[in-house]
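> Sequence first, predicted model second:
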Amino acid sequence: MRGEQFLDLVLKLPEVTEREAFSDLTGFRVRGRGFCYLNEDEHVAILKATREEQAALIAEDPATYSASWASGRFAWVQVKLATADPEEVAELVTEAWRLSAPKRLADTLSGSRWGS
């Protein structure tokens, strides 16, 4: 997956805003709450996840996924886009967005595949 493809996935979600973050990262928010970051130069994304999801991804494919950091009930997973499955990344981006979006907004995606 390329950075442009990742950006397409993220920016198709409802009410996403983009802004410069720290270091070489671009941050993405939904109603002011961050859910993912992209380092285009290094082709790496960092996604919000549950601690369980972070652990499962790393166990499944440690060459693609690694731990970024954790806080409270959430953990962030670093994804090497070059080796990531695009469909899996789409699911992870959607879930990261849902973890940050207000419930009523998150429910707007229930039962349907976004961006289709």
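Done, it's in.

> what's the next secondary structure element after the longest helix seen in the chain?
If you go by DSSP state H, the chain has its longest helix at helix 86-100. Proceeding N to C from helix 86-100, the next assigned helix or strand is helix 103-106, under DSSP states H and E.

> Give the buried residues for that next one.
For helix 103-106, the neighbour count (16 or more other C-beta atoms under 10 Å) marks 105, 106 as buried. Placement of C-beta: from N, CA and C, glycine included.

> rewinding a little: contact partners of the longest helix of the chain?
By C-beta atoms under 8 Å, 6 or more residues apart in numbering, the residues outside helix 86-100 that reach it are 1, 5-6, 9-10, 13, 16, 29-31, 33-36, 45, 47-50, 53, 57, 74, 77, 79, 81, 106, 109, 114-115.

> Spit out the contact partners of residue 11.
Residue 11 makes contact with 18, 28 under the criterion C-beta under 8 Å, 6+ apart.

> about what we covered before: and the contacts of helix 86-100, which are buried?
1, 6, 9-10, 13, 16, 29-30, 34-36, 45, 47-49, 53, 57, 74, 77, 79, 81, 106, 109.

> What about those residues, which are in helices?
6, 9, 10, 53, 57, 106.

> isn't the fifth one right next to residue 49, touching?
Yes - Residue 57 sits in contact with residue 49 when judged by C-beta atoms under 8 Å, with a separation of 7.4 Å.

> where does residue 23 fall, helix, sheet strand or coil?
Per DSSP: H, G, I helix; E, B strand; the rest coil, the secondary structure class of residue 23 is coil.

> Next, count neighbours for it.
7 (other C-beta atoms under 10 Å).

> residue contacts, the nearest residue to it once chain neighbours are set aside?
Ranked by C-beta to C-beta, 6 or more residues apart in numbering and with sequence neighbours excluded, the top spatial neighbour of residue 23 is residue 39, at 7.8 Å. Residue 39 sits next to 23, 24, 25, 26, 45, 46 when contact means C-beta under 8 Å, 6+ apart.
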